[in-house]
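Novice: Structure for this input, please:
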Amino acid sequence: MMIQEKAVDILLVEDDADDAALTLRALKQRNVGERVYHVIDGDEALEFIFATNLYGEWEPANAPKVILLDLKLRKVSGLEVLRELKSQDRTKTIPVVVLTSSREEIQNIESYRLGVNSYVVKPVDSKKFAQAIGDVGYYWLMVNQPPYR
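Specialist: Purely as a prediction, here's the structure:
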């Protein structure tokens, strides 16, 4: 899989196909889903962000403006992805929003300890889920003023 050398607004890291489809649809409905790239596990997310392996020819300067990160992922957990992103100078300022079905307090605390920018529990109701995702995308892409990289 090859990615264009074009900036990505949102990197969606989600292994559940239904949640990914709903997320992508919600972003598109709010007109914030134009440049979204979806990866299905934590290992692929790290390869994408750091331009290695499958993404070795991708330009790492085109980092996503925000990362929507599920915590329960195959291969490399969402917390491990977050830990790696926030430990590197080049990537620590990229906003990361955890989107999870987990209401476990320990994961919430650990996410914030590692530097997550926002922690959102996915609503069960599909309309509320779509609204929450649209709001998150709109805020991080249209309202938030990121640091210059």
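Novice: Give me the buried positions along stretch 44-62.
Specialist: Neighbour-count burial for stretch 44-62 flags 44-51, 55, 58 (criterion: 16 or more other CB atoms under 10 Å). The C-beta positions use only the backbone N, C-alpha and C, and glycine is treated the same way.
Novice: Residues in contact with that stretch: which ones?
Specialist: The contact list for stretch 44-62 (CB atoms under 8 Å, 6 or more residues apart in numbering) reads 1-3, 5-8, 11, 13, 37, 39, 63-64, 67, 69, 73, 75-76, 81, 84-85, 88, 90-91, 94.
Novice: Narrow those residues to just the buried residues.
Specialist: 8, 11, 13, 37, 39, 63-64, 67, 69, 73, 76, 81, 84-85, 91, 94.
Novice: quick check, nearest of the residues you listed to residue 114?
Specialist: Residue 114 lies nearest to residue 85 out of the buried ones among the contacts of stretch 44-62, by CB to CB, at 8.7 Å.
Novice: Can you pull the phi/psi pair for that closest one?
Specialist: phi -60, psi -40 (degrees, to the nearest 10).
Novice: what's the pLDDT at it?
Specialist: With respect to pLDDT, residue 85 has a value of 94.
Novice: pretty sure it is in contact with residue 67, am I right?
Specialist: Yes: using CB atoms under 8 Å, residue 85 is in contact with residue 67, at 7.2 Å.
Novice: The buried ones among the contacts of stretch 44-62 in strands, which ones?
Specialist: Among the buried ones among the contacts of stretch 44-62, the members falling in strands are 11, 13, 37, 39, 67, 69 (criterion: DSSP state E).
Novice: Redo these as JSON lines? Include distance to residue 125.
Specialist: JSON lines is the format used below for these (distance: CB to CB, whole Å):
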{"residue": "11", "distance to residue 125": "25"}
{"residue": "13", "distance to residue 125": "23"}
{"residue": "37", "distance to residue 125": "27"}
{"residue": "39", "distance to residue 125": "26"}
{"residue": "67", "distance to residue 125": "24"}
{"residue": "69", "distance to residue 125": "22"}
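Novice: Report the two of these separated the most.
Specialist: Those two in those that are separated most widely, counting by CB to CB, are 37 and 69, at 13.1 Å.
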